[in-house]
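1. give me coordinates for this.
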Amino acid sequence: MKRIALTSTLGIVTLGVLLAVAWFAPLPLEPFLDFQVLYRADTGLLRGIPLYDLASQEQMVANDLGVAVEQVFVLPYPYPPWYALATLPLALLPIPIAVRMWFMLNAAMLMLSVWCITHGWTPRSRLISFVLAPLFFPSLGALMVGQYVFPTMLGMAMTVYALRQKNVTVLALGMALATFKPHVGGFVLLAVVVHLWMRRDDFAVRALKSVAVTGVFLFVIGFLADGNWVTKYWGSLFAFKGVSGCRMCVSLPMAITTLGGFGFDQAFLVSLALLVGFVVLLARVFPQLNDGRLVALFACMALLVNPYLQNYDFAFAWIPLMACVGFARSRVARLAALLAFILPWIGFSLWGRGGDFTLLISTAILMGALMMDIEKE
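-> Predicted coordinates for the structure are as follows:
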């Protein structure tokens, strides 16, 4: 009980410090990049607008700006409703302060991710990891534009920690956070559920029950954000795809279809084929996977089979990179981690956004290194 009280007090004090810094520190962050999608959705919730009611959100923004609704462009909200509910307090702040608070929360979640993954490592290795984490190119970019990857990254890292420590509570929370970016975290979530089902020990049984209860809780609270969220969420996803397109996508399926002169619809078919191939590949080694490599390999698979990814999504590659450093046993895996860290910096330095392809190469290198390490056992 004392430990829970101490942790809660520490969390409240930390949030207070972050809020004070966000309020007074002149961090040069642009609030009207990616962050505004979340901020507008949360602002609408505070005003009683259902989360996936795009027309009402557009009218709200038009009223705030004093312009006609035809002059307003608002992206459909593409995330599960509990993401918006968890971040609702941000909408109580003016947007320049809210974006700074979001930046620091993301940085804190990145550091917590490193802490979870490196638990049990030597102090020197942990210190190096804390320094390098924000310098991983896609993580740095995601921090600067206010992207939404870090809660799910933290969830993956907490899952690694919880499986190693057999901590049911941390595992359930980590799996919940993994759903915040379901097109990536969902792969890890399903893999961990199958892993627990195959274990059938006392921890696995308790963990599965806890995860199931958490899933029901998330499903129910989703109705607080939108009474029809179950059906409207999917409509919002398709609307988002239609508005945003995939001109800036960084995905292996899109790369393959582009070479063939096709588009996103065909990329989806390629994605399904890649998914089947990777499932067959990973099924062979699945019983051998420990906690770190389990999460890492399925994070890699998510990044290599998804047709709709942006360069900031490859911040998730930090998880397999850390797995190569801390969980793999071969020197080749560590060299792969170094190469995967350096390649995006080289690519973007030489070709700008044209260097996005190095993110795919880095992810493939990490997955290959982890698979080779497992095959040698």
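
2. give me every residue that touches the nearest residue to G355 once chain neighbours are set aside.
-> Excluding the flanking residues, the one nearest G355 by CB to CB, 6 or more residues apart in numbering is G347, at 2.8 Å. C-beta coordinates here come from the backbone N, C-alpha and C atoms, glycine included. Taking CB atoms under 8 Å, 6 or more residues apart in numbering as the definition of contact, the neighbours of G347 are G354, G355, D356, F357, T358, L359.

3. closest to T159 out of the residues you listed?
-> Sorting the contacts of G347 by how near they are to T159, with CB to CB, puts L359 at the top with 22.8 Å.

4. how close does L27 get to N106?
-> Taking CB to CB, to the nearest Å as the measure, L27 falls 12 Å from N106.

5. compare the two (neighbour count), which wins?
-> Neighbour tally, L27 and N106, criterion other CB atoms under 10 Å: the higher count belongs to N106, 25 against 13.

6. ok so, going back, dump the contacts of G347 to a markdown table, plus neighbour count, pLDDT and distance to A337.
-> Formatted as a markdown table, these follow (neighbours: other CB atoms under 10 Å; pLDDT from 0 to 100; distance: CB to CB, whole Å):
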| residue | neighbour count | pLDDT | distance to A337 |
| --- | --- | --- | --- |
| G354 | 10 | 86 | 24 |
| G355 | 18 | 90 | 19 |
| D356 | 22 | 91 | 20 |
| F357 | 15 | 92 | 19 |
| T358 | 23 | 95 | 15 |
| L359 | 27 | 96 | 15 |
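
7. among the residues you listed, which lie within strands?
-> Secondary-structure check on the contacts of G347 using DSSP state E: no residue lies within strands.

8. ok, so of these, who is nearest T87?
-> Top of the list for closeness to T87, among the contacts of G347 and by CB to CB, is L359 at 26.2 Å.

9. show me what contacts the closest one?
-> Contacts of L359 (CB under 8 Å, 6+ apart): P138, V250, N311, F314, A317, P344, G347.

10. where helices are concerned, which of those count?
-> If you go by DSSP state H, the contacts of L359 have P138, P344, G347 in helices.

11. correct me, but the first one touches F341?
-> Yep, that's P138 we're talking about. No: applying CB atoms under 8 Å, one finds P138 not in contact with F341, separated by 10.7 Å.

12. quick one, which of the two is more surrounded?
-> Set side by side, P138 and F341 show unequal neighbour counts under other CB under 10 Å, the larger going to P138 at 24 against 20.

13. so where's the protein shaky on pLDDT?
-> Within the chain, the stretches with pLDDT under 70 are 1-8, 241-247, 377.

14. quick revisit: need the contacts of G347 in TSV (columns: distance to Y161).
-> Putting these into TSV (distance: CB to CB, whole Å) gives the following:
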residue	distance to Y161
G354	37
G355	33
D356	31
F357	32
T358	29
L359	26
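
15. of the residues you listed, which is the nearest to L173?
-> Using CB to CB as the measure, the one of these that approaches L173 most closely is L359, at 28.5 Å.

16. quick revisit: check the contacts of G347 and tell me the two furthest apart.
-> When the contacts of G347 are compared pair by pair using CB to CB, the farthest-apart members prove to be G354 and L359, with a separation of 11.8 Å.
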